[in-house]
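Enquirer: Got a predicted structure plus its sequence, pasted below:
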Amino acid sequence: MVRANGAVSLRELARVVQTSEVTVRRDVRALEAEGLLDRRHGGAVLPGGFTRESGFPQKSHLATAEKTAIADLAAGLVDEGEAVVVGAGTTTQELARRLARVPGLTVVTNSLLVAQALAHANRVEVVMTGGTLRGSNYGLVGSGAEQSLQGLRVSRAFLSGAGLTAERGLSTSNMLSASVDRALVQAAAEVVVLADHTKLGSDTMFQTVPTDLITHLVTDEPPVGDERAATELQALADHGVQVAVAQTPVGAEVLAAGRQRRDVREGRDGRESRDARDARDGRDGRDARESALPGPRRPQRLAQASDPSAPPPRLADVRRR
């Protein structure tokens, strides 16, 4: 799978081979020792250096369920008649597909993929930057792109990247992409970062958005046992970033499988309700991992609607709760 796609998440590997992520992580470590792949936080990639960047065909097959859930949730930040900036990336491309349903919207982008997703949208105006095309992500970069953003002001910028840490914020492995992303940030009143769990705790060469400029982070639930991602998520919340966590179908299946294995180990038949187990174990029904997070600010975990035709949850409504 890594050779075919260039990169793959541990969660996806575990789902395909029908084993635990602990087993997959051990196998990936052994393959890395043989020089067959490189480990990245939450996944594995083909061997390469710190600045290596996968192309669009590889990225488009990585963490697809997570990106879909993130895009569904992030779309709730956009209101009718707004003007927003959407940067290049596979996650932002998913977001653009959902923004096509928002009437009166103006989208400024340097991404051909974002523009394509909105090309036939009713009552959505697309403004393209100038610049030089980067074939790896179909984004426009260079002085032409940056100059076309001067004097522009929109409500929000939606950006993704190669890595996200509380210490440095959002980063990418390409200097030209980083420079354009910084120009996109300058044009927006708020910055919304879209990053799946594989990006959390990863740091790449060029900083694009420092943590203190990130207003919102929309991400997915880190896998069970991924303490690094959970710690990074809490650190970002402690820095004042408003974090919203989308539940993915794959993540829900993994959590359910983990609970079932735990029931078997403890001699239970799995029919006992979770509330009953929580009462017996002395818990109050909250997610054990969430209650274990330190500090007064906790990332908000939001389940996706089961009806695909239902409108996406709105982050603005969550903030008012």
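Expert: Noted; the coordinates are in hand.
Enquirer: CA atoms for contacts and neighbours, from now on please.
Expert: Noted.
Enquirer: and residue 155, how many residues sit next to it?
Expert: Neighbours of residue 155 under the rule other Cα atoms under 10 Å: 14.
Enquirer: For residue 142, which non-adjacent residue is spatially closest?
Expert: Counting by Cα to Cα, 6 or more residues apart in numbering, residue 142 lies nearest to residue 131, which is 5.5 Å off, once chain neighbours are set aside.
Enquirer: from memory that neighbour sits against residue 141, does it?
Expert: Yes: between residue 131 and residue 141 there is a contact under Cα atoms under 8 Å: 5.1 Å.
Enquirer: Please identify which of those two sits among more neighbours.
Expert: Regarding residue 131 and residue 141, a neighbour count based on other Cα under 10 Å identifies residue 141 as having more, with 23 against 18.
Enquirer: which phi and psi does the more buried one have?
Expert: Geometry field for residue 141 lists phi and psi as phi -130, psi 180, criterion degrees, to the nearest 10.
Enquirer: In contact with it: list those residues for me.
Expert: Residues in contact with residue 141, defined by Cα atoms under 8 Å, 6 or more residues apart in numbering, are 110, 130-134, 176-177, 179-180.
Enquirer: separation between it and residue 101?
Expert: For residue 141, the distance to residue 101 (Cα to Cα, to the nearest Å) stands at 28 Å.
Enquirer: Could you double-check that residue 14 lies in contact with residue 24?
Expert: Yes: in terms of Cα under 8 Å, residue 14 counts as a neighbour of residue 24; the distance is 6.2 Å.
Enquirer: Which one's more surrounded, those two?
Expert: Ranked by neighbour count (other Cα under 10 Å), residue 14 and residue 24 place residue 24 first, with 20 against 17.
Enquirer: So for the helix or strand harbouring the more buried one, mean pLDDT?
Expert: Residue 24 belongs to helix 21-33 when assigned by DSSP states H and E. In this model, helix 21-33 has an average pLDDT of 78.
Enquirer: Same question for that helix: list its buried residues.
Expert: 21, 24-25, 28-29, 32 (16 or more other Cα atoms under 10 Å).
Enquirer: Return the member of the residues you listed nearest to residue 222.
Expert: For these, the closest approach to residue 222 (Cα to Cα) belongs to residue 21, at 11.7 Å.
Enquirer: so the closest one makes contact with residue 27?
Expert: No: with contacts defined as Cα under 8 Å, residue 21 does not count as touching residue 27, sitting 9.7 Å away.
Enquirer: Quick check: the gap between residue 230 and residue 245.
Expert: For residue 230, the distance to residue 245 (Cα to Cα) stands at 11 Å.
Enquirer: what about the stretch 151-300 of the chain, any weak spots by pLDDT?
Expert: Across the stretch 151-300 of the chain, residues meeting the criterion (pLDDT under 70) sit at 249-300.
Enquirer: so where does residue 81 fall, helix or strand?
Expert: Following DSSP H and E, one finds residue 81 outside all helices and strands.
Enquirer: next one: the one 10 residues further on
Expert: When secondary structure is defined using DSSP H and E, the element that contains residue 91 is helix 90-99.
Enquirer: Equivalent analysis for residue 44, please.
Expert: Assigned by DSSP H and E, residue 44 belongs to strand 43-45.
Enquirer: quick one: average pLDDT of that strand?
Expert: The average pLDDT within strand 43-45 is 70.
Enquirer: name the helices or strands packed onto the helix holding residue 24?
Expert: Of the remaining helices and strands, those touching helix 21-33 by 3 or more Cα pairs under 8 Å, 6 or more residues apart in numbering; DSSP states H and E are helix 10-17, strand 38-40.
Enquirer: Show me what counts as buried in the longest one.
Expert: When neighbours are counted by 16+ other Cα under 10 Å, the buried residues of helix 10-17 are found to be 10-15.
Enquirer: what does stretch 238-245 give?
Expert: Residues of stretch 238-245 classed as buried: 238, 241-245 (neighbour count, 16+ other Cα under 10 Å).
Enquirer: So which of those residues are in helices?
Expert: residue 238 (DSSP state H).
Enquirer: Let's have the buried residues of stretch 238-245 in CSV, adding distance to residue 169.
Expert: Shown next, in CSV, are these (distance: Cα to Cα, whole Å):
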residue, distance to residue 169
238, 13
241, 10
242, 13
243, 13
244, 16
245, 17
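Enquirer: Sort out for me which of the buried residues of stretch 238-245 are in strands.
Expert: With strands defined by DSSP state E, the entries of the buried residues of stretch 238-245 inside them are 242-245.
Enquirer: For residue 124, see how far away the closest residue to residue 172 other than its chain neighbours is.
Expert: The shortest distance from residue 172 to any residue that is not its chain neighbour, by Cα to Cα, 6+ apart, is 4.8 Å, and that residue is residue 162. Plainly put, residue 162 is 28 Å away from residue 124 if you go by Cα to Cα.
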